[in-house]
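In: Predicted model follows, preceded by the sequence.
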Amino acid sequence: MIAVLAVVLTFFLATYAVHRYHVPLGWDSAKYLWRTKLAALTGVTNLPSHLPPPINANPDRPGFPTLALEIHSMTGTLPFRLAAVFPAVMAGAIGLGSAAFARSALRRRPWESALIGMTVATSTFIARLMNPEAYQDNLLALAVVMASLALTSDALGRDRGRRARIVAAAALLASVSLIHWETLLLVAAIVGASATPFLRSSWRRWRRDPGVELLGTTAGALAAVALGALALGAGLFFGLLGGPHVPDTSAVAKAEFTTKFHRDLTVHPLWFVVPMAVIGTLALVRARRRENGEPATGLRWMVALAGTWVLVTVAAAVLLIVGRPVPAHRFLAETLPFPILVAVGGLAVAGAAARRAGGQRGRRGRAMAAGGIVVVAILGFSAFSGQAYWLSKKPPLNPWLIREVTAAGSYIKAAGVSNDRPIVFVANPQSNWGNNLALMAQQVRAALPSGRIMDAFVYLGDPSEFLAGRATDHLPLDGPVPEEFAQASREYFDAIRPLFPRYPVTFLLQEMNPDPTYFTSWAGSHPDGEVAPGVFVVRGPVLSDPIPQRFAPVGHKSFLPLSISAWMVVGVLFVAGLGWAVVALGRRVETFTALAIAPAVGVAVMVTSGVVTDRLGTRLTTAAGWAVPAAVAAVGALAAVVILVRGRAGRPEPAPYPSGDGASGVDPPSGSDGPGEPPVRRYRRMRSG
């Protein structure tokens, strides 16, 4: 486990050492930062549904703010640093969850499972989720999803404890509703649909064997996980958050989604991924035919799950092509069966190479060398592709803009501007006005004091036009503006127009007006308005003294401090989730699986307990921010100790019964005694085939 985390964390955090970035990577990182600051003020369950354009606070996704506030309370790590280390930590959690899934579904050896987890975590699929947008909600959700799938596959191969594992898998998947509810709907639908190949054999077994419960069949277990997760998730989502808040952006989203999907088709080396995934699938099918019993059921479900997941991704792409605003690029990046099958295919090719090289006696070393070279070459190329894409990305955030906004916040405090007086930032980006202005607005809110986020507005155009009380149709130096510019200026001005009776304080920042000629012209004609380097007050109180300098949370992100923070986050999640992971797996806990899913279970436990605490009226900025997760972790640890003690005192769990809806596709032998058969007799029958 430590090796997987060490590789993944170094893999992603090394870019800060190579490029010496001063801000976190990712377009959306600024949004996660100001949402966390706002949640500290209003509460994670009271995020506003409407803010000045072009902002959406996503009150239906409190997962990241909750986790960030709790970890800040425990470790003191600043949100800006958490925004840099969270993606790497979640990539590690996804990799460990994938390793646990490979261990439970495919019955791979620990080192093979760890290798599969590394391949997933370092693939272009995870790197794409981390950049350029930094889909941190999706990363958090996928970590929990992989842990839930590991529990589900573990439940399919067991008779004793199956019900408890199904409940645990459904509850874990349900917690995704508080992180990214769209992912819950997607994964629950995929898990439910993956039961289709098992329907006939499960129905036959249930009808012909009175001793078998519906949950004892593969299709029944999968349906229970999917429906149980949806039911529990709906209760959490509507009970704690009130419901979804989806802005109407279909017209813009269609063009944007199409552009991103076409670009992502070149991000992933599909010429390599697809053939290796096919080889991996064939290897699983071949292994399923050779095996029997518990491993066979997991193998068959893995094939069904991967096929269903890929079909859903293809369907999303088709819907986008025919004109529906579907984020097909996210579906593609979240298709984690692709890198899993790539790893399985690489191991299969390596095994074939080893057998070919060591076919005669005395060539074991030669076989191991051949297999090692092949697996390193194949899986190493997968990691190389992910690293090349990751290293090519630069932070879209502007540290100089964040410093200027921080200085503007110092001016607001020094001038004693009342809280009911709004704030306007005049911007004049040179091109791509919609995206550039939205990114500027996100950074403005990330750097402002939390009490000013909800009344901060952005005006597109010229300061003189703003003072005249109208949108900008022409610029003093450039003349008439393009129609797209004028339309965007009018849209933003519609939100500002009602503010004029309240005399909003207005700023002109150099980094929001990158045309040097334009900014120099204004600065030269209004020298008295400069309150800090690059910060001019267009309208606001006049100060007689210089404003005090405030700390700007930007600066060189060194590899060592980031690594220490990342391991601290891993430690918190591991401690919070280990006890509950043991509880989910039951008395006969498999050590590898419990350790691997512990960080993801920690995410689910901390998010759920934090949201519940906030809904009860206690802010996570108080002592509850660390006390509640610590208490929940202690309860989980105590429950785990009780379960383990009882498990040692009890009888050994009998070997799993080879279900008729497993890989063999046949019903149990008519002469067998079913689940009540003596363990020794069952073991002998299984060994004899």
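Out: Ah, there it is.
In: Can you tell me which residue is spatially central in the chain?
Out: residue 139 (1.2 Å; Cα atoms, centre = their mean).
In: Ramachandran coordinates for residue 70?
Out: Torsion angles at residue 70 (phi, psi; degrees, to the nearest 10) stand at phi -70, psi -40.
In: What does residue 532 show for phi and psi?
Out: Dihedral angles (degrees, to the nearest 10) for residue 532: phi -160, psi 160.
In: That one is in contact with residue 406, isn't it?
Out: No. Under the criterion of Cβ atoms under 8 Å, residue 532 makes no contact with residue 406, lying 9.1 Å away. Quick note: C-beta positions are derived from backbone N, CA and C, even for glycine.
In: Which secondary structure state does the residue nearest to the centre of the chain sit in?
Out: helix (DSSP: H, G, I helix; E, B strand; the rest coil).
In: and what of residue 54?
Out: coil.
In: count of neighbours near residue 18?
Out: 9 (other Cβ atoms under 10 Å).
In: Can you name the residues in contact with the helix or strand where it lies?
Out: Secondary structure from DSSP states H and E places residue 18 in helix 2-19. With Cβ atoms under 8 Å, 6 or more residues apart in numbering as the test, helix 2-19 has contacts from 21, 25, 84-85, 87-89, 91-92, 95-96, 99, 114, 117-118, 121-122, 130, 383, 386-387, 390-391, 393-394, 557-559, 562-563, 566-567, 570.
In: List the buried residues of it.
Out: Buried residues in helix 2-19, defined by neighbour count with 16 or more other Cβ atoms under 10 Å: 4, 5, 7, 8, 9, 11, 12, 13, 14, 15, 16, 17.
In: what's the answer for stretch 511-529, then?
Out: Buried, per 16+ other Cβ under 10 Å, within stretch 511-529: 511, 512, 513, 518, 519, 522, 523, 529.
In: Hmm, which of these is lowest in pLDDT?
Out: Within the buried residues of stretch 511-529, the minimum per-residue pLDDT falls on residue 518 (75).
In: Do I have it right that it meets residue 428?
Out: Yes. When contacts are counted by Cβ under 8 Å, residue 518 is listed as touching residue 428 (6.3 Å).
In: overlap in contacts of these two?
Out: With Cβ under 8 Å, 6+ apart, residue 518 and residue 428 have common neighbours residue 475.
In: could I get the buried residues of helix 2-19 as JSON lines with pLDDT and distance to residue 470?
Out: As requested, the buried residues of helix 2-19 are exported to JSON lines (pLDDT from 0 to 100; distance: Cβ to Cβ, whole Å):
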{"residue": "4", "pLDDT": "92", "distance to residue 470": "59"}
{"residue": "5", "pLDDT": "94", "distance to residue 470": "56"}
{"residue": "7", "pLDDT": "94", "distance to residue 470": "57"}
{"residue": "8", "pLDDT": "95", "distance to residue 470": "53"}
{"residue": "9", "pLDDT": "96", "distance to residue 470": "52"}
{"residue": "11", "pLDDT": "95", "distance to residue 470": "52"}
{"residue": "12", "pLDDT": "95", "distance to residue 470": "47"}
{"residue": "13", "pLDDT": "94", "distance to residue 470": "48"}
{"residue": "14", "pLDDT": "93", "distance to residue 470": "50"}
{"residue": "15", "pLDDT": "92", "distance to residue 470": "45"}
{"residue": "16", "pLDDT": "92", "distance to residue 470": "45"}
{"residue": "17", "pLDDT": "88", "distance to residue 470": "49"}
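In: Return the member of the residues you listed nearest to residue 166.
Out: residue 4 (27.0 Å; Cβ to Cβ).
In: how about the helices in the stretch 451-600 of the chain?
Out: 463-467, 483-496, 516-525, 559-585, 591-615 (DSSP state H, counting those that start in this stretch).
In: If we go by neighbour counts, what in the fourth one is buried?
Out: Along helix 559-585, these residues count as buried under the neighbour rule (16+ other Cβ under 10 Å): 562-563, 565-570, 572-585.
In: What mean pLDDT does stretch 90-108 get?
Out: pLDDT averaged over stretch 90-108 gives 93.
In: again with stretch 587-599
Out: So the average pLDDT for stretch 587-599 ends up being 89.
In: Please compute how far it lies from its chain's middle.
Out: Here the centre of stretch 587-599 is set off from its chain's centre by 21 Å, with Cα atoms, centre = their mean, to the nearest Å.
In: what does it rub up against?
Out: With Cβ under 8 Å, 6+ apart, stretch 587-599 has contacts from 1, 89, 92-93, 96-97, 99-100, 103-104, 110, 113, 117, 143, 146-147, 150-151, 154, 161, 570, 573-574, 577-578, 581-582, 584-585, 643-644, 646-647, 650, 653.
In: Check which residues of that stretch are buried.
Out: 587, 589, 592, 593, 594, 595, 596, 597, 598, 599.
In: for the second one, phi and psi?
Out: The phi and psi values for residue 589, taken as degrees, to the nearest 10, are phi -70, psi 140.
In: how close does it get to residue 21?
Out: According to Cβ to Cβ, to the nearest Å, residue 589 and residue 21 sit 41 Å apart.
In: what angle sits between the helix holding residue 18 and helix 559-585?
Out: 150 degrees (axes from the mean of the first three to the mean of the last three Cα atoms, to 10 degrees).
In: Which residues lie in contact with residue 438 in this structure?
Out: residue 54.
In: sec struct for it, please.
Out: helix.
In: Going forward, the N-terminal residue is numbered 59.
Out: With the count now opening at 59, the last piece we talked about shows up as residue 496.
In: Please verify my assumption that residue 191 contacts residue 88.
Out: No. Using Cβ under 8 Å, residue 191 makes no contact with residue 88, being 11.1 Å away.
In: okay, those two: which has more neighbours?
Out: Neighbours per residue (other Cβ under 10 Å) separate residue 191 from residue 88, with residue 88 holding more: 29 against 19.
In: Nice, that's everything, thank you.
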